[in-house]
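J.: everything below, folded, please.
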Amino acid sequence: MSTIKKIGVIGAGQMGSGIAHVCSQAGYEVVISDISAEILQKSVAAISKNMDRQVQKGKLTEADKAAAIARISTGADLSVFHDADLVVEAATENEALKREIFKKLVPHLKPEALIATNTSSISITRLAASTDRPSKFMGMHFMNPVPVMQLVELIRGIATDEATFAAVSELTANIGKTAAVAEDFPAFIVNRILLPMINEAVYTLYEGVGGVQAIDTALKLGANHPMGPLELADFIGLDTCLAVMQVLYEGLADSKYRPCPLLVKYVEAGWVGRKVGRGFYDYSKNPPVPTR
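T.: Just a heads-up that it's a prediction; the model follows:
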């Protein structure tokens, strides 16, 4: 497995847990860190539950699952990354938070350790500048849910060296993912295309062109999308959607990326999608029902 043997993951949410899942399943030692032991316990439980589904589908044996779980350790302090070869940051999509994490992280790393960020939109070059090793820093944007989605966007910062890019590219292949190489522009490839479409769907709702159900049905049946754009927004998290649109709007200074006021209102209300039970759909109902 080349120079990368042990992988650290910062953030035990849905993305961090998914990254830990696929890396441990591929045979890497993994250590996850977050702010509390309770969050970390939930993360390992979620990984175990998702692996159980793979066992039930015949995609994983019980023995392989047990070995993968055994390769995962956790800790609430960044010092757990002292012997990591690569640390992947998967915290909330907030630049100030990420920069603060990196400043606290680097004193604990060995000199040759690499750092990757799972940001879906923020400048890799700017984030790298908050570390002591911009040449060993790059973007590694996984898709959600990580165990299911095949793509990883790989993004070099201006200072990323070829050895770092080669090592992370090899890791991407080793964990069974396909890489798409993107340049360091706001939102990279996937979200540069996907999020403006979601934002336009919210504008379509805001302007009364169609209701939630009509908009989602139109894209599912008219464009063969597996999930409607508003349902997808709820799945991603409306707060994340808004954060990406703000990066696009501020980074490219083009009015076509202006976040829809309705999207802003929903985030201000705390209606950010599935993770809180309400967004464009009400998830307290079975099946979920549109809120507009």
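
J.: when you work out contacts or count neighbours from here on, use the C-alpha atoms and nothing else.
T.: Fine.

J.: ok, and the closest non-adjacent residue to residue 158?
T.: Computed as Cα to Cα, 6 or more residues apart in numbering, the closest residue to residue 158 that is not its neighbour in sequence is residue 125, at 5.8 Å.

J.: can you classify the one you found by secondary structure?
T.: Under DSSP: H, G, I helix; E, B strand; the rest coil, the three-state class of residue 125 is helix.

J.: quick one, what contacts it?
T.: Listed by Cα atoms under 8 Å, 6 or more residues apart in numbering, the contact set of residue 125 reads 134, 156, 157, 158, 159, 184.

J.: let's have the residues you listed in CSV, adding secondary structure, pLDDT and neighbour count.
T.: What follows is those, written out as CSV (DSSP: H, G, I helix; E, B strand; the rest coil; pLDDT from 0 to 100; neighbours: other Cα atoms under 10 Å):
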residue, secondary structure, pLDDT, neighbour count
134, helix, 98, 21
156, strand, 98, 25
157, coil, 98, 22
158, coil, 98, 16
159, coil, 98, 16
184, coil, 98, 21
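
J.: can you give me the strands in the stretch 1-150 of the chain?
T.: Listed in chain order, the strands of the stretch 1-150 of the chain (DSSP state E, counting those that start in this stretch) span residues 6-10, 29-33, 72-75, 86-89, 114-117, 137-142.

J.: what helices and strands are in contact with the first one?
T.: By that I understand strand 6-10. Packing partners of strand 6-10 (3 or more Cα pairs under 8 Å, 6 or more residues apart in numbering; DSSP states H and E): helix 14-25, strand 29-33, strand 86-89.

J.: now do it, average pLDDT.
T.: If you average the pLDDT over strand 6-10, you get 98.

J.: can you redo the helices and strands packed on strand 6-10 as a markdown table with mean pLDDT and distance to residue 100?
T.: Putting those into a markdown table (pLDDT from 0 to 100; distance: least, Cα to Cα, whole Å) gives the following:
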| stretch | mean pLDDT | distance to residue 100 |
| --- | --- | --- |
| helix 14-25 | 98 | 18 |
| strand 29-33 | 98 | 15 |
| strand 86-89 | 98 | 12 |
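
J.: quick one: which of these is nearest residue 152?
T.: Proximity to residue 152 (Cα to Cα) singles out helix 14-25 among these, at 10.8 Å.

J.: now the angle from that closest one to strand 6-10?
T.: 170 degrees (axes from the mean of the first three to the mean of the last three Cα atoms, to 10 degrees).

J.: how near is the closest residue to residue 73 other than its chain neighbours to residue 119?
T.: Counting by Cα to Cα, 6+ apart, residue 31 is the residue found nearest to residue 73 once chain neighbours are left out, at 4.7 Å. Distance, residue 31 to residue 119, by Cα to Cα, to the nearest Å: 19 Å.
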